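Student: generate coordinates for the sequence data below:
(chains A and B)
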Amino acid sequence: MTDDPRIEVKGLRKRFGATQALDGMTFTVRPGRVTGFVGPNGAGKSTTMRVVLGLDAPDQGRALVGGRPYRTLDSPLRHLGSLLDAGALQPSRTARNHLLWLAHSQGLPAGRADRVLEQVGLAEAARRRAGGFSLGMRQRLGIAAALLGDPPALMLDEPFNGLDPEGILWIRGLLSSLAAQGRTVLVSSHLMSELQDVADHLVVVGRGRVVADTGVPELLATLSANRVTLRTSAPGAATEALVRAGAVVHAQGADTLGVSGLTGEAIVTALNADGVPFAELATHRASLEEAYLELTRDAVQYHGTGVEESAR
Amino acid sequence: MRGLRVLRAEWTKFRTVRGWVLGAFGATLASVLFLLVGTASTNQSSNRHTQDAVALPVGPGGEAVNDSFFFLHEALTGDGSITVSVTALTGVLAREPGRTSPGTTPWAKTGILVKQSLDQGSQYAAMMVTGAHGVRMQDNFTHDRAGLPGRPSATSPHWLRLVRAGSTVTGYDSADGAHWTERGSTRLAGLPATVQVGLFTASPAAVQTSGSRGGTSPAVATGTFGQVALGGSWARGSRPDRWRGVQVGGDAGTSGSYAENTSGAYARTRSGFSVTGAGDIAPVVGGPSLGPAYTIENFLVGTFAALIVLTVVAVQFVTAEYRRGLIGTTLAAAPGRGRLLAAKAAVVVTVAFTVGVVAAAISIPLGRQRAHATHFLVFTVPRAVELRAVLGTGLLLAATAACSLALGAVLRRSATAITVVVVTTVLPYLLAVSGVLPASVAQWLLRLTPAAGFAVQQTLPRYAHVLTVYTPSSGYFPLSPWGGYAVLGGWTVLALVAATLLLRRRDV
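Tutor: All right, here's what the predicted structure looks like:
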C-alpha cells in the first residue's frame, strides 16, 4: 500500500468545444473517510475522475494518486480501484472472466477474482454472462473490479445508480468499512440524498470547479444558521431595521420576510430596538439536500424553466 | 514485465469471448470449404493426364519441369566434344484445328544436348538455336545464357559446340566454325561417365497473349543440321549416322504438343540431319502453358475467406471496447497505450498466423488428394517454396489482422473498419486474380494495395526463357512473394503507427 493514498486534483482545466468542463478544479481526497463528490449533472465530476485515471488529458493542471500521476503507476489497480461505468462490460464474457483478465493485467492471482466476487455477493453469478446482469449486478461487478487489487484508494462514479434500497444500504456499509480501514474513498453522486449518512466530507462542484470542500456537519451549520423566516404586520419598518443591522431581506409574501445574514437572536434584538412588531420568527434547519441546492443554484447547467419565466 | 502482464490480460480477454474463438475456428473452416468448392470439378478435357496424373517431372532443383523433345542420340562415355552447324530452324503452327501455317514460336529450340539420362528431369547442358532469341546456352532447366543473335540460314549457319570434361560442360558458339566464343560453363554434379549426347528439337506451344488468360495451340519445329563432329574419347567408335531417334518424355509435356498429322522425326540429308520435335526442355510455368493442373496457390484459394472472418474478429477485438466503454477499464488497468495496442496486436497476430498455417497445412494435402481423385496434375514446387506458401499464408493473415486491429483503433467503428479492409485488400485481390480487370490495372492493384501481400502465397516460378501469360489471373503477381508482402507490411506498419499516435493523443 502507498503510505499516503490521497487523491490530489490541482487546478484542472479542460474544454470540450464550447464547454468549459473543468474550470480550475482543485481538491484533495484524504484517507480514512468517505468523501462525497457531488454536483449537478455536467458539473465535471466524471471528467475529473477520467483525468485522475489518465483517460482524459487536462488542458491544464494535474492529478496525483499517492503523489504520483496515475499513468506512472506500476499495477495501477493495486493503488487506486475505480468504477467509472458499470455498463463497460463485454456482454458475452462471464463475470469471473471479466475479473480474470483484470487480475492478469495486474499480476494478481485468479483467486482474487473469486475473493472479490464473494465480497460483492456475486459468487453465485460468477460464471454467468455479464450481458444478462441487471444494472444492480453490474454495479456490484464494477465494485468488485475496483476492489480487485485491494487498493488503498477507491474512486467510484455514481455507484448508487440502479441499485435497490438494499443495494444502497450495502454500498453505504461497504464504503464506511473501507474508509474505516484507512482507505481513501471518493464517491460521486448527483443526488446529495444518496450520500447522506455515508459521506464524512463533501466536495461540492458546479460548472467545473469546487463550490465547497467541507465536512458535512460544518456545511449544515453554516447554512442553517443564517436563514430565518419572519412574519410581521409592518414589513416595511422591519426591512428597514434589519437592513440597517446588516441582514439581507427579501419579501416572501404580504406579511412574510426571508432574512439571512443575521442569527435569530440578532434579528429579535434589532426589531425590538426599533419597536417593530412581529408575530412569528422561524429559524430554518437546512437539510443536506437543501444545503446542496443552495450551494449549486448558480452552478446548475440544465434546469427547468419556471412557469413565471416562460410566461414572460 | 508490464508488457507481459498486459499481453496475458489481452489473451485472457480474447479467449473468454466465445464468438472470437469460434471466429478463429470458423476462419480455418471457411478457408478449407472454399478449397473443396474450388476443386469440385473433374478433369474431363485431358485423358492423357488421367494415366499419369501423379506429378510433373521434377528437375534437379526440385522444380516442376517439361522435359519432352525429340532426341537423335547415342550414349557416349568419358570426356569429349560435339560440334555441329545449324542452317535452319523452321516450324509449323496450328492456330486453329485443321489449319496450319509455317512459323516458329519464340522459344522453339534446336541444337546439341548432353544429358545425364533419358529420364525426364535428369541433368543436362545444351547449346541451341531459338525461334526469336538467337543462340542460347541452357542447362538444368532454369539457367539460360545468350549467345549469337539472329537466326541461322544456309549461307550463314550458327555453329554450336559442347565440351564435356568430368562433370563440367562448356558451351561455345561461332558464326564461321573457326572463331569460337565460350558462352558458359556448368557443373552437373554427379554426372555419370556415360551420358546421352546428340541433336534435339523442341517447340513449346504457341501462346496467345490476347485475353486475360490466353490460350495455347500446338507448334512443331524442325532443325536442319550439318555434319556432326565428335572429339575426345567420344570420337572413338561413334557413328552419328547410326544414332537413334526417340521422343523423350513420351509426349510433348504440358507446354507443347504435336500439331495434327505431325510427329517427332529425324532424317539424314546429304549434308547432315534434320530433326523435328515439339515440347520443351524448360521449367513449367503457370498460365496457358500449364494447362489443366493445380498449383499450390489454387489450394490456398480459401485464404481470402479466412481473411474476412479474421478481419471481423480483429476489428471487434478493439472496437467492442469502444462500443461498451470497456476501453476506459482497460486503460485504467494498463495505462500504457502503445503497450496495450502492441499486446492486442500480438494476440490477433498469433491467432491469425496460427489460423493461416493450420488452414494451409490442411488445404495443401487435401487439395493434392482432391486433384488426384479428379485426375488433375499438381504443379510440383520445391519443398522450401511450399513451406514459404504455408508460412506465408500465416503471415498474410497475421499482417492483415494487425492492420484490421489498427484500423479498428483508428476508426473506432467496426463496420467502417471492416469495410475499409475488405475494400482495400480482399476486393482488389479477387478482382485481380479473377481476370475481370485488364492485366495492367490488376498489376497496379497488386503493387499498391495491401492485396499485394497475397504474393507471398505465390509458388509459380517466372522465367525469362519460358513464354506464358504472366498476369495475375494466371497466377503471376507483379511483385515477388516477399516484395508483395513488404507492401502489405508497409500498410500494416502505417496503420499501427497511426493507431498508436491517435490512441496516445486522444482522450478515451
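Student: who's in contact with the residue of the stretch 201-312 of chain A found nearest chain B?
Tutor: Closest approach between the stretch 201-312 of chain A and chain B, counting by CB to the nearest CB: A:Gly208, at 15.7 Å. Any C-beta I mention is one placed from the backbone N, CA and C, and that applies to glycine too. Contacts for A:Gly208 (CB atoms under 8 Å, 6 or more residues apart in numbering or on different chains) come out as A:Arg13, A:Lys14, A:Gln20, A:Ala21, A:Leu22, A:Asp23, A:Gly24, A:Met25, A:Ala43, A:Gly44.
Student: just the buried subset of those, please.
Tutor: A:Arg13, A:Lys14, A:Gln20, A:Ala21, A:Leu22, A:Asp23, A:Met25, A:Ala43, A:Gly44 (16 or more other CB atoms under 10 Å in any protein chain shown).
Student: inside strands: which ones of these?
Tutor: Counting by DSSP state E, those place A:Arg13, A:Lys14, A:Gln20, A:Ala21, A:Leu22, A:Asp23, A:Met25 in strands.
Student: which residues sit in contact with the third one?
Tutor: To tie it back to what came earlier, the one meant is A:Gln20. A:Gln20 neighbours (CB under 8 Å, 6+ apart): A:Arg13, A:Lys14, A:Arg207, A:Gly208.
Student: then B:Leu445?
Tutor: B:Pro428, B:Leu431, B:Ala432, B:Leu437, B:Ala451.
Student: now do the helices in the stretch 201-350 of chain B.
Tutor: B:296-299, B:303-324, B:326-333, B:337-373 (DSSP state H, counting those that start in this stretch).
Student: Throw the ones you listed into CSV and include distance to chain A and mean pLDDT, thanks.
Tutor: Below are the helices of the stretch 201-350 of chain B laid out as CSV (distance: least, CB to the nearest CB, whole Å; pLDDT from 0 to 100):
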stretch, distance to chain A, mean pLDDT
helix B:296-299, 34, 92
helix B:303-324, 6, 96
helix B:326-333, 4, 96
helix B:337-373, 9, 96
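Student: near chain B, which residues of chain A?
Tutor: The interface of chain A toward chain B, taken as CB under 8 Å from any CB of the partner chain, is made up of A:50, A:53-57, A:70-71, A:73-77, A:82, A:84-85, A:87-94, A:97-98, A:100-102, A:104-107, A:145.
Student: change it to 6 Å
Tutor: A:53-56, A:71, A:77, A:82, A:84-85, A:88, A:90, A:92-93, A:97, A:100-102, A:104-105, A:107 (CB under 6 Å from any CB of the partner chain).
Student: mark which of those are buried, thanks.
Tutor: Buried, going by 16+ other CB under 10 Å: A:53-56, A:71, A:77, A:82, A:84-85, A:88, A:90, A:92-93, A:97, A:100-102, A:104-105, A:107, out of the residues of chain A next to chain B.
Student: of these, which belong to strands?
Tutor: Reading strands off these with DSSP E, I get A:Ser82.
Student: ok, and the closest non-adjacent residue to whatever residue of the stretch 151-300 of chain B ends up closest to chain A?
Tutor: Going by CB to the nearest CB, chain A is nearest to B:Leu300 of the stretch 151-300 of chain B, at 31.6 Å. Nearest residue to B:Leu300 in three dimensions, chain neighbours excluded: B:Gln457, at 5.1 Å (CB to CB, 6 or more residues apart in numbering or on different chains).
Student: give me the neighbour count for residue 61.
Tutor: Just so you know, I chose chain A. Here the count is done by other CB atoms under 10 Å in any protein chain shown, and A:Gly61 has 16 residues near it.
Student: look at chain B instead
Tutor: Neighbour tally, B:Gly61, other CB under 10 Å: 14.
Student: let me see the mean pLDDT of stretch A:215-232.
Tutor: Here stretch A:215-232 scores 76 as its mean pLDDT.
Student: quick one: low-confidence parts of the stretch 201-312 of chain A?
Tutor: A:221-226, A:285-287, A:298-312 (pLDDT under 70).
Student: may I see the buried residues of stretch A:229-237?
Tutor: For stretch A:229-237, by 16+ other CB under 10 Å, it's A:Leu230, A:Arg231, A:Thr232, A:Ala234, A:Pro235.
Student: so what's the closest residue to chain B within the stretch 101-250 of chain A up against?
Tutor: Per CB to the nearest CB, A:Ser105 is where the stretch 101-250 of chain A lies closest to chain B, at 3.5 Å. By CB atoms under 6 Å, 6 or more residues apart in numbering or on different chains, the residues touching A:Ser105 are B:Arg5, B:Val6, B:Ala9, B:Ala333, B:Ala334.
Student: report the contact partners of the fourth one.
Tutor: Residues counted as contacts of B:Ala333 (CB under 6 Å, 6+ apart) are A:Leu77, A:Leu102, A:Ser105.
Student: from the residues you listed, which ones fall inside helices?
Tutor: A:Leu102, A:Ser105 (DSSP state H).
Student: and the contacts of B:Ala333 as JSON lines, adding pLDDT?
Tutor: Converted to JSON lines, those look like this (pLDDT from 0 to 100):
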{"residue": "A:Leu77", "pLDDT": "97"}
{"residue": "A:Leu102", "pLDDT": "97"}
{"residue": "A:Ser105", "pLDDT": "96"}
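Student: closest one of the contacts of B:Ala333 to B:Lys115?
Tutor: A:Ser105 (66.9 Å; CB to CB).
Student: chain neighbours aside, what residue packs nearest to that closest one?
Tutor: Per CB to CB, 6+ apart, closest to A:Ser105 is B:Ala9, 3.5 Å.
Student: what about that neighbour, how many residues nearby?
Tutor: What B:Ala9 shows, counting by other CB under 10 Å, is a neighbour count of 24.
Student: contacts for the helix or strand encompassing it?
Tutor: Element membership for B:Ala9 (DSSP states H and E) is helix B:2-15. Defining contact as CB under 6 Å, 6+ apart, one finds that helix B:2-15 is touched by A:Leu100, A:Trp101, A:His104, A:Ser105, A:Gly107, B:Trp20, B:Ala334, B:Arg339, B:Ala343, B:Lys344, B:Ala346, B:Val347.
Student: and if you look at stretch B:410-425?
Tutor: Stretch B:410-425 has contacts (CB under 6 Å, 6+ apart) with B:311-312, B:315-316, B:319, B:322, B:404, B:407-408, B:449-451, B:498-499, B:502.
Student: list the buried ones in that stretch?
Tutor: B:Val410, B:Leu411, B:Arg412, B:Ser414, B:Ala417, B:Ile418, B:Val420, B:Val421, B:Val422, B:Thr424, B:Thr425.
Student: coming back round to it: just the buried residues of stretch A:229-237: which are in helices?
Tutor: Per DSSP H, those map to helices at A:Pro235.
Student: run through the strands of the stretch 201-312 of chain A in chain order.
Tutor: A:201-206, A:209-215, A:227-231, A:248-251, A:256-260, A:280-283 (DSSP state E, counting those that start in this stretch).
Student: gap between stretch B:184-201 and the chain center?
Tutor: Mean-position distance between stretch B:184-201 and its chain equals 26 Å (CA atoms, centre = their mean, to the nearest Å).
Student: which residues touch that stretch?
Tutor: B:69-73, B:75-77, B:82, B:110, B:113-116, B:123, B:125, B:137, B:139, B:145, B:167-171, B:221, B:223, B:225, B:243, B:273, B:275-277.
Student: these, buried ones only, as a ChimeraX selection?
Tutor: Buried subset of the contacts of stretch B:184-201, written as a ChimeraX selection, criterion 16+ other CB under 10 Å:
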select /B:69,70,71,72,73,76,82,110,113,114,115,116,123,125,137,139,145,169,170,171,221,223,225,243,273,275,276,277
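Student: buried residues in the longest strand anywhere in chain B?
Tutor: Criterion DSSP E: the longest strand present in chain B is strand B:80-96. Residues B:80-94 are the ones in strand B:80-96 that count as buried (16+ other CB under 10 Å).
Student: now swap in stretch B:345-356 and tell me
Tutor: B:Ala345, B:Ala346, B:Val347, B:Val348, B:Val349, B:Thr350, B:Val351, B:Ala352, B:Phe353, B:Val355, B:Gly356.
Student: doesn't B:Gly26 fall inside a strand?
Tutor: No: B:Gly26 is assigned helix when assessed by DSSP: H, G, I helix; E, B strand; the rest coil, not a strand.
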